[in-house]
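Trainee: A structural model of the following input is requested.
(2 chains)
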2 protein chains.
Amino acid sequence: MSSSIQPQLPIGIFDSGMGGLTVLRALTNKLPNESFIYLGDTARLPYGTKSQDSIVRYATQVTKALLRYQVKCIVVACNTATAAALPYLQHTFPHLLITGVIEPSAEKALQATQSNQIAVLATETTIAQASYQTTLRTLNPQVNVVTQACSLFVSLAEEGWHHNDVALATAKQYVTPLFDATPTIDSVILGCTHFPVLIPLLSSVLPDHVHIVDSASAMADTLQQLLGEQQLLLEHTPDTPPRTTFLVTDSPTRFANIGQLFYGAEISPTAIELIDLQ
Amino acid sequence: MSSSIQPQLPIGIFDSGMGGLTVLRALTNKLPNESFIYLGDTARLPYGTKSQDSIVRYATQVTKALLRYQVKCIVVACNTATAAALPYLQHTFPHLLITGVIEPSAEKALQATQSNQIAVLATETTIAQASYQTTLRTLNPQVNVVTQACSLFVSLAEEGWHHNDVALATAKQYVTPLFDATPTIDSVILGCTHFPVLIPLLSSVLPDHVHIVDSASAMADTLQQLLGEQQLLLEHTPDTPPRTTFLVTDSPTRFANIGQLFYGAEISPTAIELIDLQ
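Mentor: Below is the predicted model:
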């Protein structure tokens, strides 16, 4: 940790759009004394279907923008960006605590599984990057990982269709073949920050014995620990009340409207600032 | 028409990604002597959820890139880009024939309707721009236009889910309320270039008397006429065989894989060139 970094500074957090707001919600619940600056790169969402080169470029621009706002650490609240760009970011900004959503979820899933059969549901690019597969097998070489790209879950989550006929048919279409092939799966990682809003739906489709791990709550536990280790955690309520600022790269109106589905609370358009990264 | 523009030059055509390939397919069928340069701005797809400012900026960059490849005209094969940027492009490049997909579809729908009740299915941004509504009412002030944003149709089309349970449930969810409210609708415009692959599905859900108008075939008829009027049409087979070149701003592999769903034919990865617009 650089000596210039003060615990009073806000936590930076970014995502390609609104999905990362599920992570922000979990962080604000877990760390109520902290202030946050959330950046949604909405002009270029979704990252989930973009190439690694593009995502590395976008994530670097976003990190530099957050640093201009003086943050004490950065949470990559996007599975695709974590898979594609986290090692690059950590190498490029070696004095900054930068953490991503994959390893915390992998650790939780390994704690939960009895059968060592874990399924990962994520976007096309996250699955193709194979970061969950690699991380899980590095932590436990005995584990078997099956994967399913679930592109439509992103659209369902954004459309607010979290439990209608379409959502149910989609969940069955993606999930049934996995369990037909590997009935002993007992732990499912939701490897996309959009997916926590679909947990009630997925609970109704997945077998009862399956444990669902989501990026948001896994990240909150890990960040609390990391900040504590680096003496960057605000243990007590600060003098000025904690606040959350939102930065976006495209329409604040759409961010506010759709964002509240993921944030679980209203986002005032006046709390959102439009910025240009290019 | 500028005197420097030769009929032998290729036709430029662009879209945010792969959807415009339905238009390219219709154009190559209708105009078999012509060569084409198709640009898919895949690094920034989809346009359908971006703001007008962003889309105008992207469309201007794309137009300049196509001009560097020497095209004789430009087809905006994207409803969102047509709605958001066509007037700006026509004003900025006054000596170039630039045409978009909205007016041709509007004219076809007006020819087809008996009841003067027309429905438009499109992306969120296209509906919000209200260009179909404005264009239809300008051409015929008597017409009543009802609209439905169908964001999930884009994902279904890209996932290749063109006629499964999910596609059927989605189509019913979007379409049924429209016809419950306005049973006399007899003409439906598919205002997104992704949607033609869903025509068999929509035919099974829409009442029998409904006429479906898609951007691709409407555009092909109009472009043939416009090129003829400006002496830019190749009436006979040229000496060098016509060819189609693909330019993309992100992963050629994904473009080739998903693109063939819309193009209706294989796209060789070697025919695709990765370019940088920024």
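
Trainee: start to end distance for stretch A:86-103?
Mentor: With Cα to Cα, to the nearest Å applied, stretch A:86-103 spans 11 Å between its terminal residues.

Trainee: now do stretch A:39-51
Mentor: 20 Å.

Trainee: how about it against chain B, any contact?
Mentor: Yes: judged by Cβ under 8 Å from any Cβ of the partner chain, stretch A:39-51 comes into contact with chain B at A:T42, A:A43, A:R44, A:L45, A:T49, A:K50, A:S51. C-beta here means a position set from N, CA and C on the backbone, and glycine is covered the same way.

Trainee: for the stretch 1-150 of chain A, what spans make up the strands?
Mentor: Secondary structure of the stretch 1-150 of chain A (DSSP state E, counting those that start in this stretch): strands at A:11-15, A:36-40, A:73-76, A:97-100, A:117-122, A:144-149.

Trainee: With distance to B:A181, mean neighbour count and mean pLDDT as extra columns, can I get those strands in CSV?
Mentor: Formatted as CSV, the strands of the stretch 1-150 of chain A follow (distance: least, Cβ to Cβ, whole Å; neighbours: other Cβ atoms under 10 Å in any protein chain shown; pLDDT from 0 to 100):
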stretch, distance to B:A181, mean neighbour count, mean pLDDT
strand A:11-15, 37, 27, 98
strand A:36-40, 34, 25, 98
strand A:73-76, 44, 26, 98
strand A:97-100, 46, 23, 97
strand A:117-122, 36, 26, 97
strand A:144-149, 36, 18, 97
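
Trainee: re earlier: quick one: the residues of stretch A:39-51 next to chain B as TSV, columns for neighbour count and pLDDT too.
Mentor: As requested, those are exported to TSV (neighbours: other Cβ atoms under 10 Å in any protein chain shown; pLDDT from 0 to 100):
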residue	neighbour count	pLDDT
A:T42	26	93
A:A43	24	92
A:R44	24	90
A:L45	27	87
A:T49	22	77
A:K50	27	85
A:S51	21	85
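
Trainee: where does the stretch 151-278 of chain A have low pLDDT?
Mentor: Applying pLDDT under 70 to the stretch 151-278 of chain A picks out no residues at all.

Trainee: how about the residues of it near chain B?
Mentor: Residues of the stretch 151-278 of chain A lying near chain B by Cβ under 8 Å from any Cβ: A:151-152, A:154-156, A:158-159, A:161, A:164-166, A:169-170, A:172-173, A:250-251, A:254, A:278.

Trainee: hmm, back to that, which one among the residues of stretch A:39-51 next to chain B gets closest to chain B?
Mentor: Nearest to chain B among the residues of stretch A:39-51 next to chain B is A:S51, at 4.2 Å by Cβ to the nearest Cβ.

Trainee: what's the closest non-adjacent residue to the closest one?
Mentor: Spatial nearest neighbour of A:S51, excluding adjacent residues (Cβ to Cβ, 6 or more residues apart in numbering or on different chains): B:S251 at 4.2 Å.

Trainee: What of A:D221?
Mentor: What sits nearest to A:D221 in space, not counting adjacent residues and going by Cβ to Cβ, 6+ apart, is A:P104, at 6.7 Å.

Trainee: do you know how far the one you found is from B:V166?
Mentor: 31 Å (Cβ to Cβ, to the nearest Å).

Trainee: got it, and A:H211?
Mentor: Distance, A:H211 to B:V166, by Cβ to Cβ: 26 Å.

Trainee: With neighbour numbers in mind, choose between the two.
Mentor: Remark: of A:H211 and B:V166, B:V166 carries more neighbours, 25 against 17, as counted by other Cβ atoms under 10 Å in any protein chain shown.

Trainee: wait, that one sits on A:S151?
Mentor: No: shown here, B:V166 and A:S151 do not form a contact pair, counting by Cβ atoms under 8 Å, at 11.6 Å.

Trainee: returning to what we had before: just the ones of the residues of the stretch 151-278 of chain A next to chain B in helices?
Mentor: Secondary-structure check on these using DSSP state H: residues within helices are A:151-152, A:154-156, A:158-159, A:165-166, A:169-170, A:172-173, A:254.

Trainee: Among those residues, which one has the most neighbours?
Mentor: A:T170 (32 neighbours).

Trainee: That one touches B:V166, doesn't it?
Mentor: Yes: proximity of A:T170 to B:V166 meets the contact threshold set by Cβ under 8 Å, at 4.9 Å.

Trainee: shared neighbours of these two, anything?
Mentor: In terms of Cβ atoms under 8 Å, 6 or more residues apart in numbering or on different chains, A:T170 and B:V166 are both contacted by the residues A:L152.

Trainee: ok, the spatially most central residue of chain A - contacts?
Mentor: Central residue of chain A (Cα atoms, centre = their mean): A:A77, 3.5 Å from the mean position. For A:A77, the contacting residues are A:I13, A:F14, A:D15, A:G19, A:G20, A:V23, A:L24, A:V101, A:T193, A:S215, A:M219, by Cβ under 8 Å, 6+ apart.

Trainee: pretty sure the fifth one contacts A:H194?
Mentor: No: here A:G20 does not reach A:H194: they are 9.0 Å apart, not a contact under Cβ under 8 Å.

Trainee: Common neighbours of these two, please.
Mentor: Contacts common to A:G20 and A:H194, judged by Cβ under 8 Å, 6+ apart, are A:F262.

Trainee: which stretch of helix or strand covers the nearest residue to A:K30 once chain neighbours are set aside?
Mentor: Spatial nearest neighbour of A:K30, excluding adjacent residues (Cβ to Cβ, 6+ apart): A:A220 at 3.9 Å. Applying DSSP states H and E as the criterion places A:A220 in helix A:215-229.

Trainee: Using CSV, write out every CA atom in that helix.
Mentor: Extracted as CSV, the C-alpha positions of helix A:215-229 are listed here (Å, rounded to 0.1, in the frame of the first residue of the first chain):
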residue,chain,number,x,y,z
SER,A,215,-20.4,-12.4,-7.3
ALA,A,216,-22.0,-9.6,-5.3
SER,A,217,-22.1,-11.2,-1.9
ALA,A,218,-18.8,-13.1,-2.4
MET,A,219,-17.1,-9.8,-3.4
ALA,A,220,-18.4,-8.0,-0.3
ASP,A,221,-16.9,-10.5,2.1
THR,A,222,-13.5,-10.5,0.3
LEU,A,223,-13.3,-6.7,0.0
GLN,A,224,-13.9,-6.3,3.7
GLN,A,225,-11.0,-8.6,4.4
LEU,A,226,-8.6,-7.0,1.9
LEU,A,227,-9.3,-3.5,3.2
GLY,A,228,-8.8,-4.7,6.8
GLU,A,229,-5.5,-6.3,5.9
